[in-house]
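[1] using only what follows, build the 3D model:
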Amino acid sequence: MTKIFGLSGSLRENSYNTALLRAAATVAPKGVEVDISTIRGVPLYDGDLEVSEGVPAEVESLKERLVSANGLLLVTPEYNNGIPGAFKNAIDWMSRPPADISKVFKGRPVAIMGASPGGFGTILAQNHWLPVLRTLGMRPWFEGRLMVSRAGSVFDEEGNLTDDALRERLQDFVAGFASFVQGHDRTT
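    Okay, the predicted model is just below:
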C-alpha cells in the first residue's frame with residue numbers, strides 16, 4: 001500500500017482546498033491511500049514556546065502522520081500571490097527541532113496542487129513553495145500541475161466535486177504522483 005499524506009493549508013471549515021484534498025482521496029488508484037489532514041490547531045511558531053513547552057501536540061501528530069507516509073501532497077491556497085502564512089507556519093513547526101528535518105522531510109516525494117476562487121488558480125503559491133521544499137531536501141514531482149480556478153463553480157455547497165472534467169484531471173494527477181512516489185525510495 002502506498003500512503004500519501006495530504007495536507008490542506010487552509011484554516012476554513014468549508015475550504016475549497018480541503019474539498020479538493022477529499023476529492024483526491026476518492027479518486028486515488030487501487031493500492032494508494034490518501035491520509036487527509038489540515039493545519040487547523042497549529043499555533044503560530046514561537047521559539048520561546050518551543051523552548052518552554054516543546055513542539056505542540058498538533059504538530060507532533062502531523063509529523064508522525066507524514067513520517068508514516070511515502071509522500072506528501074500539499075494542497076495550497078494562494079493569498080496575495082503567495083504562500084498562506086498559516087500554511088508556511090505549519091511546515092516551519094514541522095521542521096522543529098532541526099534534527100527532525102531529515103526524518104520528516106529529506107528525500108520525501110512531494111506534489112503541490114491548489115484551488116482558488118480567482119481566475120489564476122494557485123500558480124504563484126505553488127511556485128513559492130519550491131525554495132521551501134528545496135531547503136527541506138524534498139523531491140518535488142514536476143510532471144503534473146493542478147491548479148483549480150474559479151473553485152466556487154466546481155464544488156457544491158457541501159464541498160463535493162461536481163465537475164467531471166476536473167475529476168478526471170485530479171484522478172490523473174493523483175495517479176501520476178502515486179507512481180512517482182512508488183518509484184522513489186527515500187533511502188537511495
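[2] just the pLDDT for Arg186.
    Listed pLDDT for Arg186 reads 65.
[3] same check, this time on Phe120
    In this model, Phe120 is scored at 87, pLDDT.
[4] so who does Met1 touch?
    By CB atoms under 8 Å, 6 or more residues apart in numbering, Met1 lies in contact with 31-33. Bear in mind the C-beta positions are built from the backbone N, C-alpha and C, glycine included.
[5] now that we have these, which one has the most neighbours?
    When these are compared by neighbour count (other CB atoms under 10 Å), Val32 ends up highest, at 21 neighbours.
[6] my understanding was that that residue contacts Phe177; is that so?
    No: in this structure, Val32 is not within contact of Phe177 by CB atoms under 8 Å, at 9.0 Å.
[7] anything in contact with each of those two?
    Ile4.
[8] which strands or helices does the lengthiest helix in the chain pack on?
    Under DSSP state H, the helix in the chain containing the largest number of residues is helix 164-182. Other helices and strands packing on helix 164-182, by 3 or more CB pairs under 8 Å, 6 or more residues apart in numbering; DSSP states H and E, are strand 2-8, helix 16-27, strand 32-38, strand 71-75, strand 109-115, strand 146-148.
[9] buried ones in it, by neighbour count?
    By 16 or more other CB atoms under 10 Å, the buried positions in helix 164-182 come out as 166, 169-171, 173-174, 176-181.
[10] go on, stretch 6-20?
    6-11, 15-20.
[11] only C-alpha atoms, please: export it in PDB.
    The C-alpha trace of stretch 6-20 is given here as PDB (Å, rounded to 0.1, in the frame of the first residue of the first chain):
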ATOM      1  CA  GLY A   6      -2.400  15.100   2.100                       C
ATOM      2  CA  LEU A   7      -2.200  18.400   4.000                       C
ATOM      3  CA  SER A   8      -4.600  21.200   3.300                       C
ATOM      4  CA  GLY A   9      -3.200  24.600   4.000                       C
ATOM      5  CA  SER A  10      -6.500  26.300   4.800                       C
ATOM      6  CA  LEU A  11      -8.000  27.000   8.200                       C
ATOM      7  CA  ARG A  12     -11.500  27.400   6.800                       C
ATOM      8  CA  GLU A  13     -14.000  24.700   7.600                       C
ATOM      9  CA  ASN A  14     -15.600  24.900   4.100                       C
ATOM     10  CA  SER A  15     -12.300  25.300   2.300                       C
ATOM     11  CA  TYR A  16     -12.000  24.600  -1.400                       C
ATOM     12  CA  ASN A  17      -8.600  23.200  -0.800                       C
ATOM     13  CA  THR A  18      -9.800  20.800   1.800                       C
ATOM     14  CA  ALA A  19     -12.600  19.800  -0.500                       C
ATOM     15  CA  LEU A  20     -10.100  19.200  -3.300                       C
END
